[in-house]
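Colleague: sequence and predicted structure below; questions after.
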Amino acid sequence: MDRYFGEFGGSFIPESFFPILNDLEKAYERYKNDPDFNAEFSDLMKNYVGRPSPLYFAKNFSSDIGCKIYLKREDLNHTGAHKINNTIGQILLARRMGKKRIIAETGAGQHGVATATAATLMKMQCEIYMGSVDVKRQALNVFRMELMGAKVHSISDGSATLKDAMNQAFRDWLAHVENTYYLIGTVSGPHPYPTIVRDFQSIIGKEAREQILEKEGRLPDYAVACVGGGSNAMGLFYSFLNDPVRLIGVEAGGRGNKTGDHASTLMYGKKGVLHGTKSKVLLDDYGQVLDVHSISAGLDYPGVGPELAFLQSQNKLEAVSVTDTEALEGFQYLSRAEGIIPALESSHAVAYVIKQASRFKKDDALIINISGRGDKDVNTVYEMFKDKK
Amino acid sequence: MIDFSRKALITYITAGFPNMEFTEAVILKLQSLGVSAIEVGFPYTDPVADGPILAETSLKSLQKGTNLDLIFQSLEKIKGRITIPIYLMGYYSTVFTYGEGRFIQNCVKAGVTGSIIPDLSLDEGKAFFKKQKENSLDPVLLVFPNTESERIRLIASESGSFIYYVNLFGTTGVQNAIPETAYENIKKVREISQKPICAGFGVSSREDYAKLCQYANGVIIGSALVKRVRDNQNDNKKALEEVENFIKGILG
């Protein structure tokens, strides 16, 4: 198994993790082609998660923009986002490795909910780390996790968001490395996590590719996904890597391109090390991690998966961004045009297509990954709009 | 290099906390108290291997504007008065962005003995460790309670003048007690390698120090010392006094 994607990846972690990650890699190598493992995964994907998720031709959106827009409906998955694909996959692995205790970090809470769900299903103990800022803006997701029996730790260190939650999850892991499985939610972290998470999420693109071939009789011209850590993007893009499909990753432009106002790591980051992987990171000249901002808790992260950094360096991935305001417009637009309320994360991908409408020609076919549903964000958006009304 | 003809006491301090003047003064103070070597911790925004005390002081140091250049400047300034080894300790993100070559060059210039980078393992650090040795620097690698024998052998041969044995699973700090297994593990490491072993993590008292000294060649104390500085961070003089009392208490 390759440890690196070009010059990105690797494992920059204390030695105590070495045997654990080694075991994880061995277990994954053993089970990824194991018929029983795959049968169990497929069964849960179908009967528990509700896959395949539809590829929906968005008629109104298409006619507004003047091209063919297909939405990959990950928002229709059980628990409301793509995150469950990965947590089910990893929990099956964790169970086979004999692990009893699961920990995870979460930003928007979607990965936390998906982890709590998978852990409950397998009767495992589950603890979730979440920044206190996110606990506040995603209170309902905290309650969901608690309903399923997970313990949620609110972290008020640093910026009290995803990065700090991840720091604390690493600390927990460091202390309980022998009995605990760290269920990383994005295509980042030390090897082999970026590969494992990407593989479990690649079901998105695998389905989307078959679905569009069936509906359009050809491949799409563009695949568009939001990028925080990058799991929904890699999940969609991976099946199109050898095709002439333009891949667009939409990052959080926040309040603007000044340091601390955005989370556009691919656009403004530099090669560096964060949370065990060498990738692009928002860093100062001394390697200190910079503050980030996004309206969306799931994109509020100063790093990005190493494979995305690699694809960008090979000109296979175009990194763009939209601001908080534009994302909000995307959120409202899709609600009104299609009756689909997207997550604020996915709203970034929607907003980019609206913003760059003139870029797309009449015959162009696009797939936009609607990575999650907006129910969790309705409260946040309501609070913002009620003052204006 | 550390004088291992007697049991060594190695102390960690967070550089730039509460300010660089204190860091310079405390290094000289520790040296005068008979400390064998000093780990100068360069701060990082996301210190995942550190407990609350080192994480807090690291962040406060950064807020004061501490960076590797300022640390090297301070060390160079007091270089003429330093007779014990100085190790730089911190996270790889900082070293990588600063540049491995520039880091090594400035270590040599500032009279630094070597480095301890806990998140840089055998697999990722080979080239950096080699470059350090070529420049007569001493990279020290860590062994953990779950490191297997074959791996210990590899780490021991790659590590410079001693091996850093981590007493426990978990972050640095005084919140953890040293488990009994630590002593057995140190014996195990000794069976595998001839190199001196210094044990750290969770050491906070004279008793801890004395007991570890029966097994290891040296003992590393970090958080328990930095806590004395943190508790007196608005008064450099008082902080130095507390450091002195603490070290005298440890050495007995």
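Modeller: Everything's here; your move.
Colleague: contacts only, for the residue nearest to A:Gly80 when sequence neighbours are not counted.
Modeller: Computed as Cβ to Cβ, 6 or more residues apart in numbering or on different chains, the closest residue to A:Gly80 that is not its neighbour in sequence is A:Arg373, at 4.5 Å. Any C-beta I mention is one placed from the backbone N, CA and C, and that applies to glycine too. Applying Cβ atoms under 8 Å, 6 or more residues apart in numbering or on different chains, we find A:Arg373 in contact with A:75-76, A:80-81, A:341-343.
Colleague: list phi and psi for A:Arg373.
Modeller: In this entry, A:Arg373 is assigned phi and psi values of phi -90, psi 160 (degrees, to the nearest 10).
Colleague: quick check: bridge partners of it?
Modeller: With DSSP bridges applied, A:Arg373 shows beta-bridge pairing to A:Pro342.
Colleague: if you skip the residues just before and after it, what's nearest to the closest residue to chain A within the stretch 151-252 of chain B?
Modeller: Using Cβ to the nearest Cβ, B:Gly170 is the residue of the stretch 151-252 of chain B that sits closest to chain A, at 3.7 Å. Ranked by Cβ to Cβ, 6+ apart and with sequence neighbours excluded, the top spatial neighbour of B:Gly170 is A:Ala175, at 3.7 Å.
Colleague: ok, the one you found touching B:Phe169?
Modeller: Yes: counting by Cβ atoms under 8 Å, A:Ala175 does reach B:Phe169; the two are 5.4 Å apart.
Colleague: enumerate the residues of the stretch 1-150 of chain B near chain A.
Modeller: B:44-49, B:51, B:55, B:59, B:62, B:67-69, B:91-98, B:118-124, B:141-148 (Cβ under 8 Å from any Cβ of the partner chain).
Colleague: buried subset of those residues?
Modeller: With burial judged by 16 or more other Cβ atoms under 10 Å in any protein chain shown, the buried subset of those is B:44-49, B:51, B:55, B:59, B:62, B:67-68, B:91-98, B:118-122, B:124, B:141-147.
Colleague: now, which of these lie within strands?
Modeller: Counting by DSSP state E, these place B:142-143 in strands.
Colleague: what about the buried ones among the residues of the stretch 1-150 of chain B next to chain A, which are in helices?
Modeller: B:55, B:59, B:62, B:68, B:92-98, B:122, B:124 (DSSP state H).
Colleague: what's the closest of the residues you listed to chain A?
Modeller: The closest of those to chain A turns out to be B:Thr97 (Cβ to the nearest Cβ; 3.1 Å).
Colleague: for that closest one, which non-adjacent residue is closest in space?
Modeller: A:Gly287 (3.1 Å).
Colleague: and the most centrally placed residue in chain A, how close does it get to A:Ser132?
Modeller: Nearest to the geometric centre of chain A sits A:Ser231, at 3.7 Å (Cα atoms, centre = their mean). If you measure A:Ser231 against A:Ser132 using Cβ to Cβ, to the nearest Å, the figure is 23 Å.
Colleague: what about the strands in the stretch 101-250 of chain B?
Modeller: Applying DSSP state E, counting those that start in this stretch to the stretch 101-250 of chain B gives strands spanning B:114-116, B:138-139, B:142-143, B:163-166, B:197-200, B:218-221.
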